[in-house]
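K.L.:
Fold the following for me, if possible:
(one chain, ligands or ions: 3)
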Amino acid sequence: MTTLDSTVDYDVLIPNNVALASDARVRRGLERWHPGYIDWWMDMGPDGFQTSDVYLRTAVRVESKGADKWAVFDYVKMPDYRWGILLAPEDPDRKIPFGRHRGEPAWQEVPGEYRAMLRRLIVIQGDTEPASVEQQRFLGKTAPSLYDMRNLFQVNVEEGRHLWAMVYLLQKYFGRDGREEAGELLRRRSGSEDAPRMLGAFNEETPDWLSFFLFTFFTDRDGRMQLESLAQSGFDPLSRTCRFMLTEEAFHMFVGETGVTRIVQRTCEAMTAAGMDDPTDVEAVRALGVIDLPTIQKKVNLHYSLTLDLFGSELSTNSANFFNAGLKGRFREHRLEDDHRLHEATYGIPEPSNGGWSVALHPALNALNARLRDDFTDDCNLGVGRWNKTIRESGVDFEITLPHVAFHRQIGVYRDLHATPEGDLVSEDDWNRRRHEWLPDDADRAFIESLMKPEFRPGHYASWIAEPRIRINHKPGDFEWVKLAEA
Ligand code: BYC
Ligand code: FE
Ligand code: FE
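P.N.:
Numbering: from 1, shown residues only. Ligands and ions are numbered 1, 2, ... in the order given. Below you'll find the predicted structure:
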């Protein structure tokens, strides 16, 4: 079973480990969808670099075995990337791990009564993948190095593959309406008035590289948390699909975390070299050609709060239904020690009380979004701690913190409150008056934009970001990560 599953058929238009060759209906459906996908990639994928050779990783099996790694590295033109359909190996004994069907054999087909719910989850997941590619499509032009450009394109082609992963599930398991949804996934556009992407944060802009690194740190990490929950699903093909996507997702987290670390490091180095010890002297720090730490904090506030909204409302009957049905579990459900049904359990959610905050208990089933969001925050804080370590070690006195959960929310139980990053509740007028203290304003955006000058010489890095300490696949410092076509 495992050996069959871990080898990928690359001899075909759509590389896969799901025996597409013997599944004519689905293969034809995907082959019909393919040209539209390529059109979308040419229109909405990385602008200006479609004919460049990029040193990319491509998945060739779903597990590493000894010297046989799961992925290979080579120069590829992005439109020729082999977007494949790869599912983690099947466990024939797998049981549904939670909800009212806990302990029953995992489903290999869609259970009729949950069809609509399951389709919606898959469509929402699928919608975010191309959205992020659209949001990032102009960033190549201002890349701070070829190394960073390559990492951007690696993330982009993998998000493209994640779209393929969801489209496969739609076409294989949802018949005609699955094919229609697959078409719609190529029709919606990030930021469009008439046909926007489904979730809020995926219609925002990613205008600069600090935004890109924070997006991959925070928003791709929401992706990770959601994929972890869907990897628990009783619908086994979804579980196996998400488990393999998580293998790729780890790199997206790496890009975000190390990207911000390198920016913070460069800022602190420049300040130290100039003998500056006040990190809040924004103008003086900016004059060094680096991004001041208070502005990084504002961008953190923005991306973190936008991403919290992606968890849906803290109290949600949808999430209770997903869980009861066995479709979407909790983060690391299999490691949790409770009854995995949660009928009696409660979960605490912060709520305003007497000018401060207290924790109110709610039925755990209704609070699953809040719980996943808290798991997300814990995971974010590990990375933020490492940024702060970099700052501390350089001797600069500054700490980056995540804002309060109620700060700048548009979705959920805090949406009508006006909270500062510290969690103080203020009037709407006060909040709007002080907004520029907490979130980037036009001047901050203009400054960051002024730094976004391309640095395309191998081994060189823009003024505002340090060289990476670890490079992909142990390549030398002056490696040509992208061979520019029109250089
Ligand atoms: N924006 O009960 P509620 C990734 C809607 S990222 C707009 O509060 P629920 C990636 C909601 O759809 C991971 N609408 O929430 C990252 C519902 O609408 P209907 C993506 C929103 O349903 C970077 C209504 O409000 N995957 O992979 O419990 C790069 C009430 O909903 C928003 C998933 O999200 C919003 N922010 O939870 C590339 C997993 N929030 O049904 C890729 C699949 C809520 O009343 N999705 N609404 O019309 C889900 O699990 C859930 O749909 C959500 C929402 C967690 C998103
Ligand atoms: Fe993804
Ligand atoms: Fe991702």
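K.L.:
What is the longest helix of this protein by residue count?
P.N.:
Counting residues, the longest helix in the chain under DSSP state H turns out to be helix 236-273.
K.L.:
any idea which element the residue most central in space within the chain lies in?
P.N.:
Centre of the chain computed as the mean C-alpha position; nearest residue by Cα atoms, centre = their mean is D220, 1.3 Å away. Assigned by DSSP states H and E, D220 belongs to helix 220-231.
K.L.:
And for P352?
P.N.:
strand 346-353.
K.L.:
which helices and strands does the helix or strand following that strand pack with?
P.N.:
As assigned by DSSP H and E, the chain's next helix or strand after strand 346-353 is strand 356-363. Where contact means 3 or more Cβ pairs under 8 Å, 6 or more residues apart in numbering; DSSP states H and E, strand 356-363 is packed against strand 346-353. Placement of C-beta: from N, CA and C, glycine included.
K.L.:
what is the orientation angle of the strand it packs on with strand 356-363?
P.N.:
Here strand 346-353 runs at an angle of 150 degrees relative to strand 356-363 (axes from the mean of the first three to the mean of the last three Cα atoms, to 10 degrees).
K.L.:
For strand 346-353, name the packing helices and strands.
P.N.:
Under the contact criterion of 3+ Cβ pairs under 8 Å, 6+ apart, strand 346-353 touches strand 356-363, helix 368-393.
K.L.:
May I have the phi/psi pair for the residue in the stretch 1-150 of the chain that ligand 3 sits nearest to?
P.N.:
Nearest residue of the stretch 1-150 of the chain to ligand 3: S132, at 6.8 Å (Cβ to the ion). Backbone torsions for S132, taken as degrees, to the nearest 10, come to phi -70, psi -30.
K.L.:
any idea what sits nearest it, other than its immediate chain neighbours?
P.N.:
Using Cβ to Cβ, 6 or more residues apart in numbering and skipping the chain neighbours, the partner closest in space to S132 is E159 (5.1 Å).
K.L.:
Let me see the contact set for the residue in the stretch 151-300 of the chain that ligand 1 sits nearest to.
P.N.:
Closest residue of the stretch 151-300 of the chain to ligand 1, Cβ to the nearest ligand atom: G223 (2.9 Å). With contacts defined as Cβ atoms under 8 Å, 6 or more residues apart in numbering, the neighbours of G223 are 128, 249, 252.
K.L.:
next one: L186
P.N.:
Applying Cβ under 8 Å, 6+ apart to L186 gives the contacts 33, 36-37, 39-40, 130.
K.L.:
tell me which of those is nearest to ligand 2?
P.N.:
Of those, the one sitting nearest to ligand 2 (Cβ to the ion) turns out to be P130, at 9.8 Å.
K.L.:
Tell me, how many residues neighbour that closest one?
P.N.:
27 (other Cβ atoms under 10 Å).
K.L.:
next one: R335
P.N.:
For R335, using other Cβ under 10 Å, the count is 7.
K.L.:
Near ligand 3, which residues of the chain? Just list them.
P.N.:
For the chain, the contact set with ligand 3 under Cβ under 5 Å from the ion comprises 220, 223, 252.
K.L.:
Just the buried residues of the contacts of L186.
P.N.:
By neighbour count, with 16 or more other Cβ atoms under 10 Å, these hold 33, 37, 40, 130 as buried.
K.L.:
Who are the packing partners of the helix or strand containing the second one?
P.N.:
Which is Y37. Per DSSP H and E, Y37 falls inside helix 24-44. Helix 24-44 is packed against helix 115-135, helix 146-173, helix 175-187, with contacts defined by 3+ Cβ pairs under 8 Å, 6+ apart.
K.L.:
Do I have it right that D177 meets R119?
P.N.:
Yes. Between D177 and R119 there is a contact at 7.1 Å, judged by Cβ atoms under 8 Å.
K.L.:
Burial check on G160, number of neighbours?
P.N.:
Quick note: G160 (other Cβ under 10 Å) scores 21 neighbours.
K.L.:
Counting neighbours, what do you get for the residue in the stretch 351-487 of the chain positioned nearest to ligand 2?
P.N.:
Going by Cβ to the ion, ligand 2 is nearest to F376 of the stretch 351-487 of the chain, at 15.4 Å. Each residue near F376 was counted by other Cβ under 10 Å, and the total is 23.
K.L.:
ditto for I400
P.N.:
Neighbour tally, I400, other Cβ under 10 Å: 19.
K.L.:
what's the distance between it and ligand 3?
P.N.:
Distance, I400 to ligand 3, using Cβ to the ion, to the nearest Å: 22 Å.
K.L.:
Where does that residue fall, secondary structure wise?
P.N.:
Applying DSSP H and E, one finds I400 in no helix or strand.
K.L.:
ok, it - contacts?
P.N.:
Applying Cβ under 8 Å, 6+ apart to I400 gives the contacts 264, 293, 296-297, 300, 384, 387-388, 391.
K.L.:
So which of those is surrounded by the most neighbours?
P.N.:
Neighbour-wise, the contacts of I400 (other Cβ under 10 Å) top out at V264, 26 neighbours.
K.L.:
Provide a list of residues in contact with Q135.
P.N.:
190-191, 202, 204-206, 215.
K.L.:
Show only the entries of those found in strands.
P.N.:
Per DSSP state E, strands hold no members of the contacts of Q135.
K.L.:
can you name the two of these that are farthest apart?
P.N.:
G191 and F215 (14.1 Å; Cβ to Cβ).
K.L.:
hang on, the earlier thing: would you check which of the residues of the chain next to ligand 3 are in contact with ligand 2?
P.N.:
G223.
K.L.:
Kindly present the residues of the chain next to ligand 3 as JSON lines, with separate columns for pLDDT.
P.N.:
Listed next are the residues of the chain next to ligand 3 as JSON lines, based on pLDDT from 0 to 100:
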{"residue": "D220", "pLDDT": "98"}
{"residue": "G223", "pLDDT": "98"}
{"residue": "H252", "pLDDT": "98"}
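K.L.:
Low-confidence regions, the chain specifically.
P.N.:
For the chain, the stretches flagged by pLDDT under 70 are 1-7, 486-487.
K.L.:
Report the separation between the residue in it that ligand 2 sits nearest to and G459.
P.N.:
Using Cβ to the ion, the closest approach of the chain to ligand 2 is made by H162 at 3.7 Å. Note on H162: its distance to G459, by Cβ to Cβ, to the nearest Å, is 32 Å.
K.L.:
try D74
P.N.:
Here the criterion is Cβ to Cβ. By it, D74 lies 21 Å from G459.
K.L.:
The two - which one has more neighbours?
P.N.:
Higher neighbour count among D74 and G459: G459, with 14 against 10, using other Cβ under 10 Å.
K.L.:
All good on my end, thank you.
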